[in-house]
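Enquirer: Below: sequence and its predicted model.
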Amino acid sequence: VQSAAITVREAGDTEASLPNDVITEARGDVAAIPIELENTREVTLTVGDDEAGYQASVTVREDDDDADGEVTVYFNSYEASSVSGSFDGENDLFSVDDEAEVVDGEVTIGVSDLLDAEAYPLSVETGGSETDIQLLSLEERSTTALRTWTAPRNRYGDLDAAADFREGIDEEWVTEDSDIAVGDTVIYEIEASGLEGALDARGEDTVTDEFFEFANGSEDEPAARFTVAQQDPGPNRDPLLLDFDSSNAEVVADSANDTYYVVAQTGEDELEGVRDEDGDGAIDPGEDETGTVDADDSLRATFTVFGEDENDLDLTADGEDEVVETTHSLTEPEFDMNEPFNVTEVSGQEIFGEATVAPGTEVNVRVRSADGVRPAFLKTATTTVDADGQFLVTLSFNDTTPGDAYTINVDDIGPASELSVDGTVQPVIETATTDTPAETTTTTTATTTATTTTTTETPIVTTTEIPTVQTPTTTPGFGVLAALVALAGAALLALRRE
């Protein structure tokens, strides 16, 4: 016969607590409400009361067998008016993490509009008793800024999360800019609070479909509108609106910082738009006339959150529309260099130029000798466009001969066309310079007691190699002007000596 000792412990009191101080969010955002559990896996949370004019409760259960844990309930304040009565399971109003489940709940006092900016009581109950209380403070939401950024064309697919955007800024391939090369990636940064609930952005990296549905100004009562419009369409023509959707754009959410990025492609060779025939700033179903937005066109991006006059949801503090906007130009993607671009027959020769494509764009530089040059040579290097729109590589030409002709080809993996410029290897220029003379002393001794000492200064001539220097073109004509001034000065000095 086997026996075993069994220990019986008295069950502790079940308890649920709200560990955080007052939880603060903007109207329309999602409030994360953590609840600590002791000796229980189930808890009921109530948001609001009679005095607040809204009340909803939800019961949630931990899936983990550990009875001492924590569960976080997410309350979507934007959806408060869309849920009423009793419900079972997770819905638009209440949700939890994967380690828990929504059992059921009820909205006992509903609303027909977005919840007001107000303090809403929170209480938790377990085992039939209320065990803790706290407050949820909803503040007014706001729409604060709209900015434009650019990135290389091939980086479009690398911007799938807010962390990617921050990484691009640190590595300087995402830069704030108002001149966007056609073919590059354009990024519209929207700063606005209170959109997390509408876009279902909690825990999501991208909210593309949700954003374009929310900001589709062609609806009868739109909540918001995002447009990019041509500023100068020409005489007697309606402006073109860029038609961004999930086929050519992606919306990245950084809801923790109330920021959303519309990342868009500007086309391979040209950018197409739809004529805004009725002038309402939206692409309506009946508007189908298209046109091409050209390089050098100026565009205005606008994000509008409509007030209560436009829809049933009072999204703005005073009922008036909130509008933020910014402008940017489209530019031709191209490279530019001096021509001829000469180098010297030494190492460490810098080959450089300017570019209108986005900083971070990879640039390939190839220098190939002309036909008939012997020995022939081919030199290559890869670099990137910097934040100032410059590119530069360093190559060695100490194995070439003065007079060797060559062609420099510059190309990228972006939208710019290949650039070709010619040049010739230049000789090292030898110039004579006089250093400090050496002293030679000769001593002559006569038959008398007198000694004569003579000192003669002998010049030492050295040869200094002066490379032929290629200067940037950031100040056109500067070299010519300096040369003329120098010649004039020399002539004046000569006249004075005569």
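Expert: Looks like it arrived, so ask away.
Enquirer: Give me the most central residue, the protein.
Expert: A centroid search over the chain (C-alpha atoms, centre = their mean) returns Val174, at 4.4 Å, as the residue closest to the centre.
Enquirer: Which residue comes closest to it once chain neighbours are left out?
Expert: Leaving out its chain neighbours, the residue that sits closest to Val174 by C-beta to C-beta, 6 or more residues apart in numbering is Gly168, at 3.1 Å. Heads up, the C-betas are built off the backbone N, CA and C, glycines and all.
Enquirer: Report the secondary structure state of that neighbour.
Expert: Counting by DSSP: H, G, I helix; E, B strand; the rest coil, the backbone at Gly168 sits in helix.
Enquirer: Touching, the residue nearest to the centre of the chain and Val186? I think so.
Expert: No: taking C-beta atoms under 8 Å as the contact criterion, Val174 and Val186 are not neighbours in contact, 11.1 Å apart.
Enquirer: shared neighbours, the two?
Expert: 149-150 (C-beta atoms under 8 Å, 6 or more residues apart in numbering).
Enquirer: Tell me, how many residues neighbour Phe303?
Expert: For Phe303, the number of neighbouring residues by other C-beta atoms under 10 Å comes to 23.
Enquirer: So which elements touch the strand or helix carrying it?
Expert: Element membership for Phe303, per DSSP states H and E: strand 298-305. When contacts are defined as 3 or more C-beta pairs under 8 Å, 6 or more residues apart in numbering; DSSP states H and E, strand 298-305 sits against strand 143-151, strand 185-192, strand 224-230, strand 322-331.
Enquirer: 6 Å instead, please
Expert: Using 3 or more C-beta pairs under 6 Å, 6 or more residues apart in numbering; DSSP states H and E as the contact criterion, the secondary-structure elements in contact with strand 298-305 are strand 224-230, strand 322-331.
Enquirer: how about it: buried residues?
Expert: Neighbour-count burial for strand 298-305 flags 299, 301-305 (criterion: 16 or more other C-beta atoms under 10 Å).
Enquirer: Show me which of these is closest to Ser82.
Expert: Distance ranking of the buried residues of strand 298-305 against Ser82, using C-beta to C-beta, places Val305 first at 18.4 Å.
Enquirer: now the strands for the stretch 251-400 of the chain?
Expert: Using DSSP state E, counting those that start in this stretch, the strands of the stretch 251-400 of the chain run over residues 259-265, 271-275, 290-293, 298-305, 322-331, 335-336, 343-344, 349-355, 362-369, 378-384, 390-395.
Enquirer: Now stretch 222-236 - C-alpha only, PDB.
Expert: These are the backbone C-alpha positions of stretch 222-236, laid out as PDB (Å, rounded to 0.1, in the frame of the first residue of the first chain):
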ATOM      1  CA  PRO A 222     -16.500  62.200 -45.000                       C
ATOM      2  CA  ALA A 223     -14.700  62.100 -41.700                       C
ATOM      3  CA  ALA A 224     -11.500  63.300 -43.300                       C
ATOM      4  CA  ARG A 225      -9.800  63.900 -46.600                       C
ATOM      5  CA  PHE A 226      -6.300  63.500 -47.900                       C
ATOM      6  CA  THR A 227      -5.500  65.100 -51.300                       C
ATOM      7  CA  VAL A 228      -2.400  66.000 -53.300                       C
ATOM      8  CA  ALA A 229      -3.400  68.600 -56.000                       C
ATOM      9  CA  GLN A 230      -1.700  70.400 -58.800                       C
ATOM     10  CA  GLN A 231      -1.300  74.000 -58.000                       C
ATOM     11  CA  ASP A 232      -1.000  75.500 -61.400                       C
ATOM     12  CA  PRO A 233      -3.000  73.500 -64.000                       C
ATOM     13  CA  GLY A 234      -2.800  76.200 -66.700                       C
ATOM     14  CA  PRO A 235      -5.600  78.400 -68.100                       C
ATOM     15  CA  ASN A 236      -9.100  77.000 -68.300                       C
END
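Enquirer: Mean confidence (pLDDT) on that stretch, please.
Expert: Taken as a whole, stretch 222-236 has an average pLDDT of 91.
Enquirer: repeat for stretch 85-101
Expert: Stretch 85-101 comes out with an average pLDDT of 94.
Enquirer: Return the set of buried residues in it.
Expert: Judged by neighbour count using 16+ other C-beta under 10 Å, the buried positions of stretch 85-101 are 87, 90, 93-97, 100.
Enquirer: Now for these: which two are most distant?
Expert: Of all pairs drawn from the buried residues of stretch 85-101, the one with the largest separation by C-beta to C-beta is Phe87 and Asp97; the distance is 18.8 Å.
Enquirer: still on that earlier bit, strand partners of the strand holding Phe303, parallel vs antiparallel please.
Expert: Strands flanking strand 298-305 in the sheet, each with its direction: strand 224-230 (antiparallel), strand 322-331 (antiparallel) (DSSP bridges).
Enquirer: Give me the contact list for it.
Expert: Counting by C-beta atoms under 6 Å, 6 or more residues apart in numbering, strand 298-305 makes contact with 143, 146, 188, 190, 224-229, 231, 315, 321-329, all of which sit outside it.
Enquirer: Output that strand as CSV - backbone C-alpha positions only.
Expert: In CSV, the C-alpha atoms belonging to strand 298-305 read as follows (Å, rounded to 0.1, in the frame of the first residue of the first chain):
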residue,chain,number,x,y,z
SER,A,298,4.1,72.4,-57.8
LEU,A,299,1.8,70.2,-55.7
ARG,A,300,-0.2,71.0,-52.5
ALA,A,301,-0.8,68.1,-50.1
THR,A,302,-3.8,68.7,-47.7
PHE,A,303,-5.1,66.7,-44.8
THR,A,304,-8.5,67.8,-43.5
VAL,A,305,-10.5,66.5,-40.5
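Enquirer: That strand to strand 271-275, inter-axis angle?
Expert: Calculated by axes from the mean of the first three to the mean of the last three C-alpha atoms, to 10 degrees, strand 298-305 forms an angle of 60 degrees with strand 271-275.
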